[in-house]
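*Asks:* give me a 3D structure for the following:
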Amino acid sequence: MRTSDDGTMSKSCGFTLSPDAQGDITVSVYRANVDSVWKDATSTVRQNLHVVNTDENQLFSRYVFFTEAGSTYCVHEEEEKTQYYNPGMLLNNPTEAIAVPQLSVDVHEQTGVPSDQRAVFRVELRNAGQVQTGAAAGGTFLSIALDPATNPDGAKVYLSGAPLINPVSYWLTPGEALQQIVEVERGLVDDYDSLRLFFYVDDCLKYNNTSLDLGVHFLPVSCDVNIASPKQNWVMNTLSAKDSTGYYLPIDISGFNIRHKNFDHIEFQYKLSTESEDMWVNQCSFYANDSLYDLATGNKAKIVNGRITPFRFYGERDPMEQHYDLRAVSFCRYGTSYITKASPVLTGIKDTRVPFVFGEPEPANR
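*Replies:* Numbering: from 1, shown residues only. You can find the predicted model right below:
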């Protein structure tokens, strides 16, 4: 506020209008009349702000900016109209959008995906910008990224075969679209309800973006299990360990996780190598849960502190010489049934017949 020598007062104000680097905008600037209506309408506001002036000539109204036309993207200016005072009265004209990120997908959710395969989505990335002339027509960098907050269970997401870890940028002209393949691989769990992809203008993430949610539901899988001992091509013979029952092969099962979703039990199974897959025999079932153990029938034992105590395999008593297949199988509950996963099959031979001499030695003693 300035006061001249003759007592008159003046006030200077300034402003700067800066369009987007690729855009332009035409704005009309108005100033409201300081009339009796304005004074009455603003008196309460001015009193609360402690700017009451005894000389009403010192009152200055605000600038009013009205968008006539232009092109913008950060942020893009939509049409504005009043909502309460004279509803529907135009406040600002809309501008043309320089860059508008759009995402679409062939299907938003996939179910029944095998746990060892990837769910495949066909995603379209489009710049729906409206400006076809000037610098904006040359194109804009737009980026796609995965929102890590929507992936706490570590699904592996791929974009065109490469892991989508950091944002990937594309130079797209207005109206241009790209078809990309997004793949989702199972992480720690079976179900992923809303993996969110963000697509945005590189230098305007906060204001100019869109998103797309993908849902993937994998078929459940049972936990891993392994036979640590014996190894492939094992041999049980008269040099093997023996107890009151007979010669035996020590068995050590490992590599399973009792905290796996819906874990139920582990079975140790065997069959003759010459028999079909339908002939597996369960020698013993192992349970970590006391209630499940109590309900189980047949040969059973408990898993203590996450471990199965090494046990003994004797094989069939007759015939003695046989090739056997051994495996461990994990069982996890799935509805009213089970899903299973077997360890690699270990093949070996049981040959515990005691050697004896055929015939009489020659030449005979005379």
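*Asks:* ok, Ser115 - contacts?
*Replies:* Under the criterion of C-beta atoms under 8 Å, 6 or more residues apart in numbering, the neighbours of Ser115 are 186, 190, 218-221. C-betas here are computed from N, CA, C, even on glycine.
*Asks:* for it, grab phi and psi.
*Replies:* phi -60, psi -20 (degrees, to the nearest 10).
*Asks:* for it, report the pLDDT, please.
*Replies:* pLDDT for Ser115: 89.
*Asks:* so how far is Gly255 from it?
*Replies:* 17 Å (C-beta to C-beta, to the nearest Å).
*Asks:* equivalent analysis for Pro94, please.
*Replies:* According to C-beta to C-beta, Pro94 and Gly255 sit 63 Å apart.
*Asks:* and if you look at Tyr324?
*Replies:* Applying C-beta to C-beta, the value for Tyr324 to Gly255 is 21 Å.
*Asks:* looking at these two, which is more packed in?
*Replies:* A count of neighbours by other C-beta atoms under 10 Å puts Tyr324 above the other of Tyr324 and Gly255, at 22 against 13.
*Asks:* not counting its neighbours along the chain, what's nearest that one?
*Replies:* Tyr270 (5.6 Å; C-beta to C-beta, 6 or more residues apart in numbering).
*Asks:* that neighbour contacts Glu316, correct?
*Replies:* No. Using C-beta atoms under 8 Å as the test, Tyr270 is too far from Glu316 to be in contact (9.1 Å).
*Asks:* between these two, tell me which one has more neighbours.
*Replies:* Using other C-beta under 10 Å as the criterion, Tyr270 and Glu316 rank with Tyr270 on top: 21 against 12.
*Asks:* which SSE is that one in?
*Replies:* Using DSSP states H and E, Tyr270 maps to strand 263-272.
*Asks:* tell me which strands the helix or strand just after that strand pairs with, and in which orientation.
*Replies:* Using DSSP H and E, the next helix or strand after strand 263-272 towards the C-terminus is strand 281-287. Next to strand 281-287 in the sheet, as set by DSSP bridges, lie strand 263-272 (antiparallel), strand 300-302 (parallel).
*Asks:* for Leu205, phi and psi?
*Replies:* Phi and psi for Leu205, reported as degrees, to the nearest 10, are phi -60, psi -40.
*Asks:* with the one 10 residues further on instead?
*Replies:* When quoted as degrees, to the nearest 10, the phi and psi of Gly215 stand at phi -120, psi 130.
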